[in-house]
Every structure is written in structure tokens, then in C-alpha cells.
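Chemist: output the structure for:
(2 chains)
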Amino acid sequence: MDHQNTVVRPNEERLSKFEEHVGEGKAVEPRDWMPEEYRSHLVRQMSQHAHSEVIGMQPEGNWITRAPSIRAKQILLAKIQDEGGHGLYLYSAAETLGISRVEMIEQLQTGKAKYSNIFNYPSLTWADIGAIGWLVDGAAIVNQVSLQRTSYGPYSRAMVRICKEESFHQRQGYEIMANMMNGTADQKEMAQDAMNRWWWPSLMMFGPHDGESPHSANAFKWKIKRHSNDELRQKFIDKTVQQAEVIGLTIPDPDLKWNEEKGHYDHGEIDWDEFYRVIRGNGPLNKQRIAHHVKAHEEGAWVREAAEAYKTKQAQKYN
Amino acid sequence: MADLNELKYTYSLRLGDDAWILSHRLSEWCSNGPFLEEDLALTNLALDLIGRAQGFYKYAAELEGKGKTEDDLAYRRNERQYFNHLLVEMPNGNFADTIARQLYVSVFEYYFFNELKNSSDETFAALAAKTLKEVKYHMAHAVDWTIRLGDGTEESHWKMQRALDSLWMYTGELFEMDEVDNELLQQCIAVDVIALKAKWQEHIERVLKQATLKQAEDAYMQTGSRKGIHTEHLGHMLGDMQYLQRAYPDAKW
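Modeler: Numbering: from 1, shown residues only, chains lettered A, B, ... in the order given. Just a heads-up that it's a prediction; the model follows:
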């Protein structure tokens, strides 16, 4: 008994100290003690976030070779590069929790780790590049701004850097939409069509309603999460509706209307069957996205091996 | 003799095309790189090249004086009106093919822009000075990878050697001079590329030796791009690149 107590008590003490520390709004750093659940929650969330950045390169990459002007190509390529860079910071930040990038990639490729559902939808026209920048990055920013104050230090610092770049992306996406709405009838139609296809999936990016969000309770207690899914979703809707109106786009939701009393927009119900269908792997492009990642990874194996072999040879030479 | 501006227009257009077409190829690596850092490195090269193309196209449009923009030049010409070297339109192939193409091109460009920065034409000189800084990095990237792949594993060595050998026949074109080059050379505007050949060859040999690779055997050198005669690859690339501009000619993006 005594023996058991000595084992258990320090952990309980550490846990209450940890919770006190977090409760005071202080950051947790990699070398600090943390509950295993906190660590695993973060590994799951941060790796999912990193994978989203990386998989998100695909739908946008789909239009690089067809970007319609030199400037558009430059902006798009630089944006995708930023996303890749975000993936890198986030992988490194997640590595501070004791998981390697190789393991994370394996989890992505075997379906154990997820990435944002939104990237399982296809980018069909050039207007989709505008819609992704404006709506998808716009939704991501709302979430990420909130994460700048998340309790895990490396994650919060990565978010500060990432948010700066994301807000550029959002403006650039909006500019594409605005130019098209200012353009020919074909362009307007293309822009509205992209709006119709990306609106609902963008709202789904915030996750299920608060009551149905499986990982929420501890995430709030430990200040990994600071705002609820519904709260963040509402924030996104409120700011985006006005932006759409300014350039003449219609939000594809007949139930959308301003609620004077609440000071927010009311909106129609999200198709949660679709949400869960895509999460379970049956979105339009789940299989394609992972297959693309696996293919590039496998085709690059010999390059990574060669770089390792060369490094080993050089080390031997100089030892 | 053609008007000086016309000659300079052609010269600028050719340099723009080389950068534009190669940037397109490199941008195709996006999300396909062997690992994330290298994916970003390749698209970084592409971004430099897009910037360079924009500079030379802009100058060409100005020299032409017909009110065209750099986008008109990049997007509204046909297969026979592009003058990039055949080498830069070659498909990416595997990573070694891309590195071999980068090695041949970037070593050439290093010597080329080092000369062009002394051009008596101020715009060419300024564009060249800016480009040279970027090209040094491109060359270092290509050289490092050539050595790593050449002296890496048996597989990487073999792939790199095959890539170098198969692209060799497109390198002869880099050192061709036609009437545009000769006329402009007389005015100290253009670069004497024939004079660069020995330096280029020596530089490549040095890298290959370090990489335990062999210089490709002499082959018949392909030619044609300066007259707008390309490989079959270019048309497909333009089909993709120009799709929106051609499908919606009245639209501004």
C-alpha cells in the first residue's frame, strides 16, 4: 500500500500543479511535466493541423500550372509554399512532444491521423482558388487566432507566425473573388458556383456542435482550446456574410438572416451526414489525396536514401 | 539590319521564355517533392524564375511598343512563337532528371548572367545583376544534389548518370549564336555564349568528378528553339498554361 502511494501521489501532485499552472494562463513548455492525455491530445491536434497544411497543398497545386496571369501564378505558388512551411513548423512543434515526423507521416498515410475534411473536396475551377483562400483560409484564421493563446508554448508560437501569413492568403483569395465578380458574366457565374460549393464545407471546418465534440472537455480545462466550435463558426459567418455582400456574392443558405436581438446571423442547419461521411473516408477525394501523398513519398524514397548514404559516407571520411 | 529595339526585344523575349518555361516545370513539383523541405526548395526556384521572366517580358513589351503587357507575352503566343532552349522544356522526369537539367542550366546561367551584368544596355545589366544572385543559389542547389545523388547509393548514382546522359544532347543549343546575338554582341549588349562553353564544360566536369559521375559522351546536339522549333512537350505545357487566357479572352483575372 505504502509503496503504491509513493508512486501515485507524486503524479497527483504534479497534475494539480500542472492544472494550477495552466489555470493561471501560463504556457506549458516541452520539458515541463504534463499529463499523458494532454500530450496525446496535442500530438493528435498538432499533427492533424500539420497534415492539413500539407494535404491542402494538393487542391491549390491543382491550379498552379493553369494560373491565368504571371502575378496570379506567383501569388498562388508563394501561398502554397507558405502552407508547406506551416506544415514544417507544426511538425517540428509536434516533435517536441516526442513523436517523429516519420511516425506522423505513417499515421497520415495509414489513416490513423486525420487532416482537415475540407481538402477532400475538389478544386474544379479557378474561382475555387479564390474561394479556398477567402473561405477556407478565412475559417482557418478564426480558429488559429484563438489558438495563439493555446496553453502549449511551441504550438502557440507557431500559431502567431502562421496567422500573419494566413491573413495575407485570405485577402488574396478575396481579391480573386472580387476581380471575378467585377468581370465578365462567365467569371461571375464561376465565382458564385465556387461560393455555392465551398460555403457549407467551410462551416463544417469548425467541427460538430459543442455537445457532440468528442475531445472538448479536457481541451477546455487545460486551455488547449479556448473557444467552442459553435462560437468560432458564428464568428466566421458574421464576418464573411458582409464580405460576400460587398462583392455581390450570394450565400447559399435560404435560412441565413440577421438576428437583431443576438447581434449575429442565424443560419440553416449543416448537413452533418455529409460531414461524417467525409470524415469516414467517403468524401469526393479522400482516397486520391492520400494516394497522391503516398505516391510522392514512395517515389522520393530513393532520394532520401541517397542523401542519407552520402551523409554517412562523408561522416566516415572525416572520422 | 533589323532595328536595334527589335533585336533587343527578341533577346529579352528569349531570356523571358527560358525563365518562364523552366519555372513552369519546377512549379509542377509542388506537392510531389521527395520530402517537404525539397518540395519547398524546388518551388522556391520556380518563384525566382517567375520573377525573372516577368522582368524580361516587361522589358520586351516595352521595347516592342505595341501596348502589350508581360502577361500577353507569357500567355498569348503559339508554340512556334516561344524561343526558350529545348533543355528547359524537358519534362521533370524523376528527381535526378530534374537535378541534371538544373545543373546544366544553372551553371550556364551563372556564367551567362555574370557577363550580361556588364551589358551596355542598362536594363539588361540591372536584370542580370539581380538574376545572378539567385542563380548562385540555384547552382549551389543543383551541384549539392548532383554530388549527393552521384555519390549516394548505387540506385541514385545510376539514375543521375542516366539523367545527365539523356539530357546532354540538349546542351549544345546553349552555346549557339544567331544574327540577333551577333548584332547585339557588336554593340556590347549581348553575351558571347561561344566563349562561355569551355568554362561551362570545365565546371560541369569538376562537379561530376566530385560526384563520381562521368561526363556524357558526345552526341549529336539537338537544335531549333531559336527558330521556334520545339519538342512535342512544349505544346502540352502551353495547353495547360494558357487554358484560362484562351478560353476567356475578354476576362481579366
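
Chemist: check the burial of residue 80 by counting its neighbours.
Modeler: Just going to use chain A. Per other C-beta atoms under 10 Å in any protein chain shown, the neighbour tally for A:I80 reads 26. C-betas here are computed from N, CA, C, even on glycine.

Chemist: my bad, chain B
Modeler: 12.

Chemist: from memory it sits against B:G224, does it?
Modeler: No. Using C-beta atoms under 8 Å, B:R80 makes no contact with B:G224, being 10.5 Å away.

Chemist: skipping adjacent residues, who's closest to B:A61 in space?
Modeler: B:K68 (4.7 Å; C-beta to C-beta, 6 or more residues apart in numbering or on different chains).

Chemist: er, B:L208 actually
Modeler: Here the residue nearest B:L208, using C-beta to C-beta, 6+ apart, is B:Q215, at 5.8 Å.

Chemist: tell me how far the one you found lies from B:F175.
Modeler: 16 Å (C-beta to C-beta, to the nearest Å).

Chemist: excluding chain neighbours, what is closest to residue 129?
Modeler: Picked chain A for this. A:W63 (5.1 Å).

Chemist: nope, chain B
Modeler: Counting by C-beta to C-beta, 6+ apart, B:K117 is the residue found nearest to B:A129 once chain neighbours are left out, at 4.5 Å.

Chemist: wait, that neighbour touches B:K133, no?
Modeler: No. Counting by C-beta under 8 Å, B:K133 is not a contact partner of B:K117; they are 10.2 Å apart.

Chemist: how many neighbours does the residue of the stretch 51-200 of chain B found nearest chain A have?
Modeler: Of all residues in the stretch 51-200 of chain B, B:G152 sits closest to chain A, at 2.9 Å by C-beta to the nearest C-beta. Neighbours of B:G152 under the rule other C-beta under 10 Å: 27.

Chemist: can you confirm it is in a helix?
Modeler: No. Secondary structure assignment (DSSP: H, G, I helix; E, B strand; the rest coil) places B:G152 in coil, not in a helix.

Chemist: low-confidence ranges in the chain?
Modeler: No chain was given, so I picked chain A. Along chain A, the parts satisfying pLDDT under 70 run over A:1-9.

Chemist: my bad, the chain I had in mind was chain B
Modeler: B:1.

Chemist: quick check: residues of the stretch 51-200 of chain A near chain B?
Modeler: Residues of the stretch 51-200 of chain A found near chain B, taking C-beta under 8 Å from any C-beta of the partner chain as the criterion, are A:54, A:57-58, A:61, A:64-74, A:77-78, A:80-81, A:84-85, A:87-88, A:91, A:126, A:176, A:179-180, A:183-184, A:186-187.

Chemist: and with 6 Å instead?
Modeler: Residues of the stretch 51-200 of chain A lying close to chain B by C-beta under 6 Å from any C-beta of the partner chain are A:57-58, A:61, A:64-66, A:68-70, A:72, A:74, A:77, A:80-81, A:84, A:88, A:126, A:183-184, A:186-187.

Chemist: which of these are buried, as a PyMOL select command?
Modeler: The PyMOL command for the buried members of these (criterion: 16 or more other C-beta atoms under 10 Å in any protein chain shown) is given here:
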select buried, chain A and resi 57+58+61+64+65+66+68+69+70+72+74+77+80+81+84+88+126+183+187
